[in-house]
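*Asks:* below: sequence and its predicted model.
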Amino acid sequence: MKFLVTNDDGIFAPGVAALVETLQHFGEVTVICPDQERSAISHSITLRQPIKATPVTFFGQHVQAYALNGTPADCVKLGLEVICKERPDFVFSGMNVGPNLGRDLYYSGTMAGASEAVLHQIPAISVSLDRNEEPIQYAYPKELLYDLLEGLFQRKWGKGLNANVNLPYLQKKMVKGIAVVPMDMTIDRYHYVGLNDPHGNVYYWLKDHWNQLEDTVLADDSDYAKLREGYITVTPIDQQRSNRKVMERLERLLVNKPDYIGGLTQ
């Protein structure tokens, strides 16, 4: 198999090296990552400056790799349209330091890298680790990811696959299993906090309250709850954003009635 790998922590992040090392057991890997951290940049692309792909060699002689002065979505888009000589079988994004759960779907650069691949009709998996600070023993998540991929690769995946994977920071013997779960959009994980500078001005920073959610009541089948319990969580993401049921109702209301603008133009 052939894989394209990106991330939002930057080309020098040890998490992407861990992901590459794991994927090399299954096939050929190409890496295109931002040249610096691009966390929480969502699905933005670069429009008003040129993009440069700088070759790097620190993944080894068998891995074609580039550092890009752009976003994770840029990395995947440029890789699929220009750099990759053959279409990869999968695009992987990660391994992100810190989990991606719930509303992170709309903010995460890691998840955006995977979403960009699906727009090109290539299945994608984003991988995140429930650990926010060093030191990180990457042997733990690499073993968990290897076992998970052995199962995932046993079946043929459609072009629309977009799976969000979160790995607990646990040894394999401590992991309770794999949970296929929905994303809990009810949890507001990030909050602005105000800080005063020496001149009395107030500035606001986003604070991650992931570690303060212990007392929060979580849905039993949610990604938040299962990751906290020690499961690997897998969430298939639907890229279809058009609500067809609402479209049909609006069409009956607005288009098929002559007293509305839509009806008058038919």
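*Replies:* Ah, there it is. Numbering: from 1, shown residues only.
*Asks:* and residue 66, how many neighbours?
*Replies:* Neighbouring residues of residue 66 were enumerated by other Cβ atoms under 10 Å; the total is 19. From N, CA and C alone the C-beta is placed, and that goes for glycine too.
*Asks:* settle this for me: it is touching residue 56, isn't it.
*Replies:* Yes. The criterion here is Cβ atoms under 8 Å, and residue 66 meets it with residue 56 at 6.7 Å.
*Asks:* how about low-confidence regions in the chain?
*Replies:* Flagging of the chain using pLDDT under 70 yields the residue ranges 215, 217, 257-266.
*Asks:* in the stretch 51-200 of the chain, which spans are helices?
*Replies:* Using DSSP state H, counting those that start in this stretch, the helices of the stretch 51-200 of the chain run over 72-78, 109-119, 139-152.
*Asks:* pull out the buried positions in stretch 22-30.
*Replies:* 22, 23, 26, 29, 30 (16 or more other Cβ atoms under 10 Å).
*Asks:* between the helices of the stretch 51-200 of the chain, which one is closest to residue 239.
*Replies:* Proximity to residue 239, assessed across the helices of the stretch 51-200 of the chain by Cβ to Cβ, is greatest for helix 109-119 (5.2 Å).
*Asks:* buried residues, that closest one. List them.
*Replies:* In helix 109-119, counting by 16+ other Cβ under 10 Å, buried: 109, 110, 111, 112, 113, 114, 115, 116, 117, 118.
*Asks:* now the second one, nearest residue through space, not along the chain?
*Replies:* Right, residue 110. In space, residue 110 comes closest to residue 96 once its chain neighbours are excluded; the distance is 4.3 Å by Cβ to Cβ, 6 or more residues apart in numbering.
*Asks:* how close does the one you found sit to residue 25?
*Replies:* Counting by Cβ to Cβ, to the nearest Å, the gap from residue 96 to residue 25 is 20 Å.
*Asks:* likewise residue 121?
*Replies:* Counting by Cβ to Cβ, the separation of residue 121 from residue 25 is 26 Å.
*Asks:* what's the answer for residue 99, then?
*Replies:* 24 Å.
*Asks:* can you show me the strands along the chain?
*Replies:* Assignment of strands within the chain using DSSP state E yields the ranges 2-6, 28-34, 53-56, 64-68, 90-97, 124-130, 162-168, 177-180, 190-196, 202-208, 231-236.
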